[in-house]
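Trainee: My questions are about this predicted structure, shown below with the sequence.
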Amino acid sequence: MLIHDLLRRTARDHPDRTALLLTTGDDSRTYAELLERTHRLANAIGDLAEPGDRVAILSDNSIPYVEAYYGVPAAGVALTTLNTRLHPKEWAWILENAEASVLLVQEQYLAAIREHLAGLKALRHVVVIGEPVDDLPTYEALLTAASPEPSTRAVSEDDVAWVMYTSGTTGFPKGAQLTHRNLVTSILQSVLEYEPGPETRFLNAMPLCHVAGYLTPVNLFHGGTVLMMPGWEPEAWMQVVQEHRITSGGFAPTMMAILLAHPRIDDYDLSSLEWMGYGASKIPAELLRRTLDRFGPIVYAGMGMTELAGNILTLDREAHRRAAAGEEHLLDAVGRPMQLVDLRIVNPDGNDCAVGEIGEIWVRGDQVTVGYLGNPEATAASFTGDWFHSGDLARRDEEGFLAIVDRAKDMIISGGENVYSAEVENVLHEHPDVAEAAVIGLPHEVWGEQVVAVLVRRPGAEVTDDEVIARVGDRLAAYKRPKQVVFLDELPRTATGKVRKHDLRTALGTEVTAR
């Protein structure tokens, strides 16, 4: 089955139901309208690109973006998503790396990217999503001129449907190639787990350029309605929940922290929420406690990554109920493997870890990427046989719950001892004057690496570095105590709220001195 086949079956069963609604303005699509427009887009792209090409999109969350999710792969080409928060030179690099032949670009981003397009050898067509600009064709004109019938191009389940570039938290981005088989497997698995129905009203505030966007097809599978925010703002989010009686939504832990701190959170009726999914990074235990106190045990945890086409682990509402009832060890868990996942926790020798031992998560199955675009070296380094190396370090308990200890590349080795940054960050997040915390390792001439805490103070707070160091020392082993504390106005983050630790290491590597 192909990704656009999922939309076709839903449109057959629920043609007149509202599939998509943009929260700003009145733009919407019924399932019948959405299907027809994806047919038109597939045919239009078929006239511009050859089978196997890449078509890039640079846009905020929008209805055309979802149309491209389905319509571009239906033409036998791969949709390549560009993160709107990147620098124009980074957009150009990705376009060049992907050898994209077509760019769909929202009008407000055209000026920033345009001067960087001239040197892109593969790029042949630029299409504007929005009002006409100069002599460039518009997205709407392209669709109007195209046939509303299904594309006749032959497409296989093993053809690449999406190319999503990794967030770059550990270095230079790589284009993860996700086939129709990868995406359909991931979507069906999440449908089985999260059980969205025709009455679902899912609010998507996460950027569609990120793999978390796969939750849009998940929530469309049984005829639900997906409402999209072009960008996230906490009070606007609460207004939409109240006005549209939203039943579910997704968030990154950073978003929830901002929401819980908002002075008007109790002014809105958020009682329609039946479940809220969080992911994109590990949630601090203290933040999860506050989330459960405010909303009750209606939350899910989903853990996945770009290369896996979505989530592979989930911590369901029952586990959160148990956590709220006193089983606090579950606050540090990210869940158990989902139904179609084959997973191992592996030690450095390649052997399976015993219960409680720390190792790297390896995954295999139909949702695992077929590799990185144009990067056979990175692909080979990421696999042992058909087992994909996630880079996440975890331990499993007797019930099968996994707790993520750290990213393998974020593990700090100081004086021969392993320091897991997430453990130190949990202590720092508990400090009442700390708004955000990231822990990284920087070179040290004696210890190999030194532990460095990078913090954002709460407004008006005056917490000092000595106080922070002493607090960690009071709770954790001495070798885990930060040797330096750096205060910033904000932490560099990806579009989904992950801290860009690679950027912190680069920026601070020559500025932090040994202590």
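Mentor: Sure thing, it's come through.
Trainee: Describe which strands the one helix or strand V486 maps to pairs with in its sheet and in which direction.
Mentor: If you go by DSSP states H and E, V486 is part of strand 484-487. Using DSSP bridges, strand 484-487 pairs in its sheet with strand 448-457 (parallel).
Trainee: Now the strand it pairs with: buried residues?
Mentor: Judged by neighbour count using 16 or more other C-beta atoms under 10 Å, the buried positions of strand 448-457 are E449, Q450, V451, V452, A453, V454, L455, R457. (Each C-beta comes from the backbone N, C-alpha and C, glycine too.)
Trainee: what ranges do the strands span in the stretch 151-300 of the chain?
Mentor: 160-165, 175-179, 201-204, 225-228, 248-251, 275-278, 299-305 (DSSP state E, counting those that start in this stretch).
Trainee: I'd like those as a markdown table, with mean neighbour count appended.
Mentor: Formatted as a markdown table, the strands of the stretch 151-300 of the chain follow (neighbours: other C-beta atoms under 10 Å):
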| stretch | mean neighbour count |
| --- | --- |
| strand 160-165 | 26 |
| strand 175-179 | 26 |
| strand 201-204 | 24 |
| strand 225-228 | 23 |
| strand 248-251 | 24 |
| strand 275-278 | 22 |
| strand 299-305 | 23 |
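Trainee: Reformat those strands as a markdown table; add distance to R407.
Mentor: Shown next, in a markdown table, are the strands of the stretch 151-300 of the chain (distance: least, C-beta to C-beta, whole Å):
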| stretch | distance to R407 |
| --- | --- |
| strand 160-165 | 18 |
| strand 175-179 | 16 |
| strand 201-204 | 26 |
| strand 225-228 | 30 |
| strand 248-251 | 21 |
| strand 275-278 | 18 |
| strand 299-305 | 10 |
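Trainee: just to revisit the earlier point, pull out the buried residues from the strand holding V486.
Mentor: Q484, V485, V486.
Trainee: Who's the closest spatial neighbour of the second one, skipping the chain neighbours?
Mentor: Pointing back at V485 there. D465 (3.5 Å; C-beta to C-beta, 6 or more residues apart in numbering).
Trainee: What score does V463 have for pLDDT?
Mentor: Looking at V463, its pLDDT is 90.
Trainee: Likewise for A154?
Mentor: 96.
Trainee: what about it, neighbour count?
Mentor: 8 (other C-beta atoms under 10 Å).
Trainee: Wait, it touches G52, no?
Mentor: No. Under the criterion of C-beta atoms under 8 Å, A154 makes no contact with G52, lying 11.6 Å away.
Trainee: which neighbours do those two share?
Mentor: G76 (C-beta atoms under 8 Å, 6 or more residues apart in numbering).
Trainee: picking up where we left off before, need the max-distance pair from the buried residues of strand 448-457.
Mentor: Farthest pair in those (C-beta to C-beta) is E449 and R457. Separation: 25.1 Å.
Trainee: model confidence over the strand holding V486, on average?
Mentor: So the average pLDDT for strand 484-487 ends up being 94.
Trainee: Over to stretch 330-344?
Mentor: If you average the pLDDT values across stretch 330-344, you get 91.
Trainee: Could you shift the numbering so residue one becomes 378, and keep it that way?
Mentor: Got it, the first residue is 378 from now on, which makes the last one we talked about stretch 707-721.
Trainee: how long is it from one end to the other?
Mentor: End-to-end distance of stretch 707-721 (C-alpha to C-alpha, to the nearest Å): 20 Å.
Trainee: where does it sit relative to the chain's centre, distance-wise?
Mentor: 17 Å (C-alpha atoms, centre = their mean, to the nearest Å).
Trainee: Give me the neighbour count for the residue nearest to V862.
Mentor: Neighbour number of D842 under other C-beta under 10 Å is 15.
Trainee: show me the contacts for it.
Mentor: Contacts of D842 (C-beta under 8 Å, 6+ apart): Q861, V862, F864.
Trainee: got JSON lines for those residues, with distance to L604 too?
Mentor: Below are these laid out as JSON lines (distance: C-beta to C-beta, whole Å):
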{"residue": "Q861", "distance to L604": "44"}
{"residue": "V862", "distance to L604": "41"}
{"residue": "F864", "distance to L604": "38"}
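Trainee: nearest to E484, of those residues?
Mentor: F864 (38.9 Å).
Trainee: Please give me every residue in contact with the residue nearest to the closest one when sequence neighbours are not counted.
Mentor: Nearest residue to F864, sequence neighbours excluded (C-beta to C-beta, 6+ apart): L832, at 5.5 Å. For L832, the contact set (C-beta under 8 Å, 6+ apart) comprises L805, V811, A812, E813, A814, A815, V840, V845, V862, V863, F864, L865.
Trainee: Helix, strand, or coil at N688?
Mentor: Under DSSP: H, G, I helix; E, B strand; the rest coil, the three-state class of N688 is strand.
Trainee: repeat for the one 3 residues further on
Mentor: Here T691 takes the strand state, with states given by three-state DSSP.
Trainee: Which strand residues bridge the residue nearest to it when sequence neighbours are not counted?
Mentor: The shortest distance from T691 to any non-neighbouring residue, by C-beta to C-beta, 6+ apart, is to G712 (4.4 Å). Taking DSSP bridges as the rule, G712 bridges to L779.
Trainee: so where is the stretch 728-877 of the chain shaky, pLDDT-wise?
Mentor: Applying pLDDT under 70 to the stretch 728-877 of the chain flags residues 873.
Trainee: Break down it into its strands, ranges please.
Mentor: Under DSSP E, counting those that start in this stretch, the stretch 728-877 of the chain gives strands at 736-741, 748-749, 760-761, 764-773, 779-784, 789-791, 794-796, 811-821, 825-834, 861-864.
Trainee: now these as CSV including distance to K875?
Mentor: CSV is the format used below for these (distance: least, C-beta to C-beta, whole Å):
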stretch, distance to K875
strand 736-741, 17
strand 748-749, 19
strand 760-761, 23
strand 764-773, 13
strand 779-784, 10
strand 789-791, 18
strand 794-796, 20
strand 811-821, 10
strand 825-834, 14
strand 861-864, 19
